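Asker: Please work out how this folds:
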Amino acid sequence: MGDQVVMDRIADTTDWQRTGDIVQDQLYLYTHGYFYDCSFAVGIEKKIFKCHKVVLARASNIFAVMLTGHFNEASKNKDDTINFSDTLPETFDFAMRHIYGNVNQLEDLQLAIKVYRFAHVWQLEKLLKLAADFMAKCEPREVIPVYECFKMYRDDRLDSVLSVISKEIEVICSSPAWYSAPIETIAEILQMDHLMTTEENLFDALVLWGTTQAIEEQSVRELIDKALRFIRFRNFDFYQFSSMNLHGDLFLTDKEKVQIFMNLAMGNKCPMPFGFTDKLKFRNLHPKKFTAKFNEHGDDSVIQLEQISKTDVYFVTESEGFVLTGVRLFSMNRDNSAQELDISCQVTSSATSLKPLAFVEFKGLNESKYEDFLLFPEHVLLKENVLYTITVSYAKPCRTRKFEYGSSLKWHHGDLVWSFPYSDNNYHYDICSLSLRYLVMPEN
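Answerer: Have a look, this model is predicted:
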């Protein structure tokens with residue numbers, strides 16, 4: 001009789017599958033709850049999942065310690081549930097199907113993000129990679145939650161996501177994810193140095209975010225204040241800022257408007273409002289750099305400069321969206337290494353006499369191994385039919401060379417043309433070349 005009972009029990013489980021595929025047979029054990037020895041109550045609805053300690057312990061050291069160590073969970077019988085109330089049932093189920101049956105078909109980004117977080121907590125490395133790889137391939141309009149997740153967990157893929165944000169910011173700013181993002185995330189994006197859109201578009205996107213979040217108790221300014229301070233108002237010219245002020249609400253106080261107007265007119269002699277960025281670097285620069293090079297003077301002579309300033313005048317025609325970012329000086333190259341330098345360089349233009357457009361200085365021992373550019377902390381946006389004057393001043397003696405223009409030098413890239421119509425001697429001192437970038441403008 002006893003033998004008959006045992007045989008009946010075996011017969012009752014003959015449908016649990018023995019296909020010869022151990023992975024699929026193991027998955028069948030999970031999906032049908034055969035031979036389980038632990039149970040989980042998952043989510044606020046406490047959905048029951050029947051699992052196997054040995055399978056979970058093999059997949060994760062955390063599960064191994066919890067289910068086979070000295071924790072309470074290890075001593076529970078198979079129907080005393082382990083509470084996973086902070087996990088959604090669909091997240092837990094996908095994780096189990098991956099552990100048991102190597103299921104890899106993720107099709108939903110929101111599920112992938114939840115699975116990624118679950119895999120981090122439970123140290124499921126294979127599952128973590130699966131979810132992260134899926135997230136990294138998301139559409140630009142969905143990238144913000146991926147950015148937040150990778151940033152939180154310091155994932156190595158964060159750089160690739162930042163690159164997507166930089167290139168696709170126009171798409172991102174018009175996506176539902178932008179309007180559901182917290183202000184902290186918006187502020188982090190507005191601190192990025194490379195975003196392929198204009199500053200005015202970033203400002204408009206921030207204001208639109210604020211107007212969609214505003215309720216009666218909060219003003220738009222109060223909502224956007226943390227991010228508004230990272231808008232680079234110094235990238236606007238005086239007339240552009242005036243037009244924006246006339247045709248829309250800038251969500252600035254009257255005092256802040258006056259301070260910004262004064263800064264645009266007179267530079268850092270009049271500081272920006274307290275807490276606002278004073279950066280004057282365009283974010284939407286093309287990654288490729290262009291260089292306007294000059295030829296060394298034919299006699300190969302070396303000139304000793306002492307207590308002197310040298311000025312060069314440049315005239316730009318047919319320019320649209322090009323930026324001067326720096327100059328390369330012969331006096332700073334490797335041939336002059338180990339000499340003490342005290343050099344300053346400034347750019348002014350015929351369009352404004354109130355302030356230098358850019359200023360940079362170098363003081364100290366020249367240790368450069370290569371010819372390096374003296375880069376301006378502020379970019380100079382070049383405008384058509386404007387004279388630009390670059391003045392290099394030397395407070396200490398240094399060695400340099402003459403660089404010639406030629407009889408009628410023009411340097412051009414695309415529609416940008418440099419010419420030097422006001423040079424009497426067709427040569428100048430020290431400036432070997434100019435560093436140029438152009439702005440990537442969003443498509444209409």
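
Asker: what sits against residue 325?
Answerer: By CB atoms under 8 Å, 6 or more residues apart in numbering, the contact set of residue 325 is 285, 289, 373, 375, 376, 379, 380, 435, 436, 437. The way it works is simple: take the backbone N, C-alpha and C, and place the C-beta from them, glycine included.

Asker: Buried members of these into ChimeraX, please.
Answerer: Buried members of these, defined by 16 or more other CB atoms under 10 Å, are picked up in ChimeraX with:
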select :285,373,376,379,380,435,436,437
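
Asker: In strands only, show me the contacts of residue 325.
Answerer: Secondary structure from DSSP state E places 373, 375, 376, 379, 380, 435, 436, 437 of the contacts of residue 325 in strands.

Asker: Now the third one. Nearest residue, chain neighbours left out?
Answerer: Leaving aside its sequence neighbours, residue 376 sits nearest to residue 358 (CB to CB, 6 or more residues apart in numbering; 3.9 Å).

Asker: Any chance of a markdown table for the contacts of residue 325, columns distance to residue 73?
Answerer: Formatted as a markdown table, these follow (distance: CB to CB, whole Å):
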| residue | distance to residue 73 |
| --- | --- |
| 285 | 56 |
| 289 | 59 |
| 373 | 62 |
| 375 | 59 |
| 376 | 62 |
| 379 | 60 |
| 380 | 65 |
| 435 | 63 |
| 436 | 65 |
| 437 | 59 |
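
Asker: Rebuild the contacts of residue 325 as JSON lines, extending it with distance to residue 346 and pLDDT.
Answerer: As requested, the contacts of residue 325 are arranged in JSON lines below (distance: CB to CB, whole Å; pLDDT from 0 to 100):
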{"residue": "285", "distance to residue 346": "21", "pLDDT": "85"}
{"residue": "289", "distance to residue 346": "21", "pLDDT": "72"}
{"residue": "373", "distance to residue 346": "15", "pLDDT": "77"}
{"residue": "375", "distance to residue 346": "14", "pLDDT": "88"}
{"residue": "376", "distance to residue 346": "9", "pLDDT": "90"}
{"residue": "379", "distance to residue 346": "14", "pLDDT": "88"}
{"residue": "380", "distance to residue 346": "10", "pLDDT": "87"}
{"residue": "435", "distance to residue 346": "16", "pLDDT": "82"}
{"residue": "436", "distance to residue 346": "18", "pLDDT": "80"}
{"residue": "437", "distance to residue 346": "19", "pLDDT": "83"}
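
Asker: And the pLDDT for residue 6?
Answerer: Confidence at residue 6, expressed as pLDDT, is 39.

Asker: quick revisit: ok now do the residue nearest to residue 376, which residues does it touch?
Answerer: 324, 346, 347, 376, 377, 378, 379, 380.

Asker: and what of residue 180?
Answerer: Residues near residue 180 by CB under 8 Å, 6+ apart: residue 144.

Asker: distance of it from residue 395?
Answerer: Applying CB to CB, to the nearest Å, the value for residue 180 to residue 395 is 55 Å.

Asker: Name the nearest residue to residue 269, ignoring sequence neighbours.
Answerer: In this structure, residue 269 finds its nearest non-sequential neighbour in residue 355, 7.0 Å apart by CB to CB, 6+ apart.

Asker: Near the one you found, how many other residues are there?
Answerer: For residue 355, the count of nearby residues is 18 (other CB atoms under 10 Å).

Asker: contacting residues for it?
Answerer: Contacts of residue 355 (CB under 8 Å, 6+ apart): 265, 266, 267, 269.

Asker: Distance from the chain centre to stretch 145-153, please.
Answerer: Centroid separation between stretch 145-153 and its chain, computed with CA atoms, centre = their mean, to the nearest Å, is 12 Å.

Asker: send the alpha carbons of it over as PDB?
Answerer: The C-alpha trace of stretch 145-153 is given here as PDB (Å, rounded to 0.1, in the frame of the first residue of the first chain):
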ATOM      1  CA  PRO A 145      15.000  58.700 -16.900                       C
ATOM      2  CA  VAL A 146      17.900  56.700 -18.200                       C
ATOM      3  CA  TYR A 147      20.300  59.500 -17.400                       C
ATOM      4  CA  GLU A 148      18.800  59.800 -13.800                       C
ATOM      5  CA  CYS A 149      19.200  56.100 -13.300                       C
ATOM      6  CA  PHE A 150      22.800  55.800 -14.600                       C
ATOM      7  CA  LYS A 151      23.800  58.900 -12.600                       C
ATOM      8  CA  MET A 152      22.300  57.400  -9.400                       C
ATOM      9  CA  TYR A 153      24.300  54.200  -9.800                       C
END
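
Asker: Thanks a lot, see you next time.
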